[in-house]
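> predicted structure and sequence below. I'll ask about it afterward.
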Amino acid sequence: MARGDEKMRRMELRRQSGSRTVDPARYEPPPKGPRYLIAHACFACRSSLKRQPSDEPLVCPTCGGHAYEMGRAFKAPPSGDLEQWKKVQALYAHGFRFGRYGPLEGVPALPERYREVEQFVRENPEHPHRYGEPDESLLP
Ligand SMILES: [Zn+2]
């Protein structure tokens, strides 16, 4: 249950230490209150849903699989777009999350295509979107 808190704490420490530069104009503190919804995605059936953040694992209402917390700015590809879903799943597996909107100044944009992901990950080990726990067992 402390996992989410721990993640937030580490992110905050990194941000304060300046090892990850964040444009303050774009940094969005998490809103408080019950209306705060966050995008989750199920890679098994390629669906997304918005739920309040929770330490409990979220079960996909469509297939009963695991729905992963993607971040507030995540936009799900169309469910029929297998390549884009593979890309999103690969990025998630490598620890990328989608908590911020828009491209960040001076930060490489996320890859457009699935086939670009491996090289992108190799070349951007400290990418600011890469703040989640990697889970390579999820690689498509
Ligand atoms: Zn599902």
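Arrived safely. Numbers count the residues shown, from 1 in each chain.
> all contacts plus neighbour counts: C-alpha atoms, from now on.
OK.
> residue ranges in this structure under the pLDDT threshold?
Residue ranges of the chain with pLDDT under 70: 1-4, 8, 11-35, 102.
> can you give me the strands for it?
If DSSP state E is used as the criterion, the strands of the chain fall at 38-42, 47-51, 58-59, 66-71.
> of those strands, which is nearest the ion?
strand 38-42 (4.6 Å; C-alpha to the ion).
> what angle do the closest one and strand 66-71 make?
Between strand 38-42 and strand 66-71, the angle comes out at 140 degrees (axes from the mean of the first three to the mean of the last three C-alpha atoms, to 10 degrees).
> now the most centrally placed residue in the chain: how far from the ion?
Geometric centre of the chain, nearest residue: Arg97, 1.7 Å, by C-alpha atoms, centre = their mean. In this view, Arg97 and the ion are 19 Å apart by C-alpha to the ion, to the nearest Å.
> quick check: residues of the chain near the ion?
The chain comes close to the ion at residues Cys42, Cys45, Cys60, Thr62, Cys63, as judged by C-alpha under 5 Å from the ion.
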